[in-house]
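>>> Predicted model follows, preceded by the sequence.
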Amino acid sequence: MAQPPERESEDRFRLLVESVRDYAIFILDESGHIRTWNAGAERIKGYKADEIIGKHFSTFYPPEDVAAGKTDRELEVATREGRFEEEGWRVRKDGSRMWASVTITALRNPDGSLVGFGKVTRDLSERRTAEEAAQRFQLLVESVKDYAIFILDPAGNIRTWNSGAERIKGYKAGEIIGKHFSIFYPPEDVAAGKTERELEIVTREGRFEEEGWRIRKDGSRMWANVTITALRNAEGTLVGFAKVTQDLTQRRAADETARALASERAALAEKTRVQEFQERFLAILGHDLRNPLSSIDMGAGILRQRSTDPATIRVLDRMHVSALRMSRMIEQILDLTRVRLASGIELARAPMDLGDALTRVVDELRTAHPSRTIDLSAPPLPGHWDRDRLEQVFSNLVGNALFYGDRNRPVTVQGRMAGRFVSVDVHNEGPPIPAELQATIFDPFRRGTHDKRESKTAGLGLGLYISNELAIAHGGTIELRSNSTEGTTFQVNLPR
Amino acid sequence: MTHTVLVVEDEPELREMMREALELNGYAVVTAEDGQDALGKIGGIEHLCLVILDLLMPVMSGWDFVEKVRQDSKLATITIVVHTSAPHPAPAGVARVLRKPLLFDRLLSTAREYCAP
């Protein structure tokens, strides 16, 4: 049997109300007790129909509101004015609070008598927290200075801006909003369709991240870290993109500097290692060459002593001279490596008379250079020094004076006391040492300005370097004075 | 009475050269290849005037040899000349330190100084 039309629409309406899930729609009687319930009410407030029907609607109100008589007042307003509407706190079955939009409508018969109230409640909690979160987020985004954070619409046009974006990219909000985000990309990237591809990836995968070049307002390039995220509404529809850009230019420059520094340090460490190896090798070599050299000279000496043949004797004499030179060179190399490897030259100090040591040195050189004149004037000069080493120093200085000085003029050696020090001058006439050479004369591997033939016999060029180091090791100095009027004087000053 | 020199040196060529050089100049020579060997031989030498002592040797070094010799009252007064390339300090109480390489002339002048033949 077909139903009357009013009945049909009533049924349809009931079906509608019962199935609505987003709204709690139910009826109160005139005293406020719950008479009906729907799916939305169950979802929003948590009660099943059979546990709430018959109860008073103040069940849904916070206790402080009930105590203040809020529910009575609301029904009063609805009765008087036909409806009451507000947003306020309501309480769910589990005790949790929700922010709700509530409408109470008076239901009247055709004759105007009150039948009850219709209550429609919407849970705004999600929307409220979302709103609050959005507000907070917006505040945050606006204030962030280190990141450009802004939103694009689905077409890629800029919709928002923040202070970080202004700082990083150089545009003010007013001049950039509405423009397409490809404005930040290098022209070659735009031409290659990079921006379209990026939006495509984001749309498909939700996210895109890369490091790349971007262009500031002033045209300068910066190395940036860029993230683009798809923004979708509750239905999943794309509503735009969120773009976050970080300027890495400084970090990139710092990285490159750090890399350059590291490789420089590595190169330096390698160079030092190689140098130390070479010097250690030299030290070991010098060390091991001594015994065989000694053997050779012993052999030459033995044969020379046995021989009466002048030709043989000449040969053996030259062998001895060579062995002597070689011995000096080895000594110098070892002294050099000792100084450079920082173990230093060890001194065997003992009380001694420098005047005596000078006499010995000069006598030896007079024997070796019979045609030359060496004038020595030295009183007793007592002190606490390494005798062998000082003899080495003066042998070097006097030997140089003989070698580089005027052969027709004497070399003079003068020693004297000078307070806490003793002072010895070794002097030769002849052309002065060139001024530019004087500054570096105590550097290792320096040779005088003589022709190549002679300089081969001059040794390794370490004599003055080592002499100076020996003076320093004794706490003293060697001073040089050389000009065309006074000749050349090396002065050795040693604390006693 | 031939004065005897004890040459203590671990490198054989050098040791023999030193022997020949000294013998050619009228000295009797006893050689030893390390401190241990030298200690074994030193007691049996009449008229020992000089020990020429290398420091860096295997088995027993020159330093240990000197220490052992000083402990023996019969040997304590023997003249020891150290002959070394080592930069380390020489043992205490030695008469002279000769730096290697020792050349022919210096060997003989040293022997002359401490051992009139």
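Noted; the coordinates are in hand. Numbering: from 1, shown residues only, chains lettered A, B, ... in the order given.
>>> In chain A, where is pLDDT below threshold?
Scanning chain A with the threshold set as pLDDT under 70 gives A:1-6, A:9, A:19, A:128-129, A:341-344, A:447-460.
>>> Regarding it, what is its longest helix?
helix A:249-306 (DSSP state H).
>>> What pLDDT does the model give B:Glu9?
B:Glu9 is assigned a predicted lDDT (pLDDT) of 95.
>>> What is the burial count for it?
26 (other Cβ atoms under 10 Å in any protein chain shown). No exception for glycine: its C-beta is placed from N, CA and C like everyone else's.
>>> And the contacts of the one helix or strand A:Ile151 maps to?
According to DSSP states H and E, A:Ile151 maps onto strand A:147-152. Identification of contacts with strand A:147-152 by Cβ atoms under 8 Å, 6 or more residues apart in numbering or on different chains yields A:141, A:158-162, A:164-165, A:167-169, A:181, A:228, A:231, A:240-246.
>>> now swap in stretch A:232-242 and tell me
Residues outside stretch A:232-242 that contact it (Cβ under 8 Å, 6+ apart): A:149-154, A:156, A:159, A:199, A:202-203, A:228-231.
>>> And those, which two are furthest apart?
Farthest pair in those (Cβ to Cβ) is A:Ile149 and A:Thr203. Separation: 19.6 Å.
>>> Who has more neighbours out of the two?
Higher neighbour count among A:Ile149 and A:Thr203: A:Ile149, with 22 against 15, using other Cβ under 10 Å.
>>> Check the spacing between the more buried one and chain B real quick.
According to Cβ to the nearest Cβ, to the nearest Å, A:Ile149 and chain B sit 70 Å apart.
>>> Give the bridge partners for that residue, please.
A:Val244 (DSSP bridges).
>>> Leaving out sequence neighbours, find the closest residue to the closest residue to chain A within chain B.
Proximity to chain A, evaluated over chain B using Cβ to the nearest Cβ, is greatest for B:Phe104 at 2.7 Å. Ranked by Cβ to Cβ, 6 or more residues apart in numbering or on different chains and with sequence neighbours excluded, the top spatial neighbour of B:Phe104 is A:Gly301, at 2.7 Å.
>>> List the contacts of that neighbour.
A:Leu316, A:His320, B:Ala21, B:Leu103, B:Phe104, B:Asp105, B:Leu108.
>>> do the same with B:Met57
B:Met57 makes contacts with B:Val8, B:Glu9, B:Asp10, B:Glu33, B:Asp34, B:Gly35, as judged by Cβ under 8 Å, 6+ apart.
>>> Low-confidence bits of chain B, can you list those?
Residues of chain B that meet the cut-off, pLDDT under 70, sit at B:1-2, B:87, B:117.
>>> any idea how far B:Tyr114 is from the spatially most central residue of it?
For chain B, the residue nearest the mean C-alpha position is B:Ile52 (1.8 Å; Cα atoms, centre = their mean). Computed as Cβ to Cβ, to the nearest Å, the B:Ile52 to B:Tyr114 distance reads 10 Å.
>>> for the top helix by length along chain B, which positions count as buried?
For chain B, the helix that runs over the most residues, judged by DSSP H, is helix B:12-24. Going by neighbour count (16 or more other Cβ atoms under 10 Å in any protein chain shown), the buried part of helix B:12-24 is B:Leu14, B:Arg15, B:Glu16, B:Met17, B:Met18, B:Arg19, B:Glu20, B:Ala21, B:Leu22.
>>> and if you look at stretch A:31-39?
Buried, per 16+ other Cβ under 10 Å, within stretch A:31-39: A:Gly32, A:His33, A:Ile34, A:Thr36, A:Trp37, A:Asn38, A:Ala39.
>>> Skip the chain neighbours and tell me the closest residue to residue 48.
The chain I'm using is chain A. That would be A:Glu42: by Cβ to Cβ, 6+ apart, it lies 6.0 Å from A:Lys48.
>>> wrong chain, I was asking about chain B
Once flanking residues are discounted, B:Leu48 sits nearest to B:Thr4: 5.3 Å by Cβ to Cβ, 6+ apart.
>>> how about the one you found, phi and psi?
With angles defined as degrees, to the nearest 10, B:Thr4 sits at phi -110, psi 140.
>>> Neighbours of it, how many?
As a measure of burial, B:Thr4 has 18 neighbours, counting by other Cβ under 10 Å.
>>> give me every residue that touches it.
Contacts of B:Thr4 (Cβ under 8 Å, 6+ apart): B:Tyr27, B:Ala28, B:Val29, B:Val30, B:Ile45, B:Glu46, B:His47, B:Leu48, B:Cys49.
>>> Show me what from chain B comes close to chain A.
B:11, B:13-14, B:17-18, B:20-21, B:24-25, B:85, B:87, B:89-90, B:97, B:99-105, B:107-108 (Cβ under 8 Å from any Cβ of the partner chain).
>>> my guess is A:Pro444 meets A:Leu462, correct?
Yes - between A:Pro444 and A:Leu462 there is a contact under Cβ atoms under 8 Å: 5.6 Å.
>>> Now do the shared contacts for these two.
With Cβ under 8 Å, 6+ apart as the test, A:Pro444 and A:Leu462 both reach A:Leu336.
>>> Between these two, which is the more surrounded one?
Per other Cβ under 10 Å, whichever of A:Pro444 and A:Leu462 has more neighbours is A:Leu462, with 22 against 18.
>>> how about the CA coordinates for stretch B:81-94, as PDB?
Extracted in PDB, the C-alpha atoms of stretch B:81-94 (Å, rounded to 0.1, in the frame of the first residue of the first chain):
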ATOM      1  CA  VAL B  81     140.200   6.000  24.300                       C
ATOM      2  CA  VAL B  82     136.700   5.900  22.800                       C
ATOM      3  CA  HIS B  83     136.500   5.700  19.000                       C
ATOM      4  CA  THR B  84     132.900   6.300  18.000                       C
ATOM      5  CA  SER B  85     130.400   7.800  15.600                       C
ATOM      6  CA  ALA B  86     127.700   7.900  18.200                       C
ATOM      7  CA  PRO B  87     126.400  11.300  19.300                       C
ATOM      8  CA  HIS B  88     125.600   9.900  22.700                       C
ATOM      9  CA  PRO B  89     127.700  10.900  25.600                       C
ATOM     10  CA  ALA B  90     130.800   8.800  26.100                       C
ATOM     11  CA  PRO B  91     131.200   6.800  29.300                       C
ATOM     12  CA  ALA B  92     132.700   8.700  32.200                       C
ATOM     13  CA  GLY B  93     136.400   8.500  32.900                       C
ATOM     14  CA  VAL B  94     137.800   7.900  29.400                       C
END
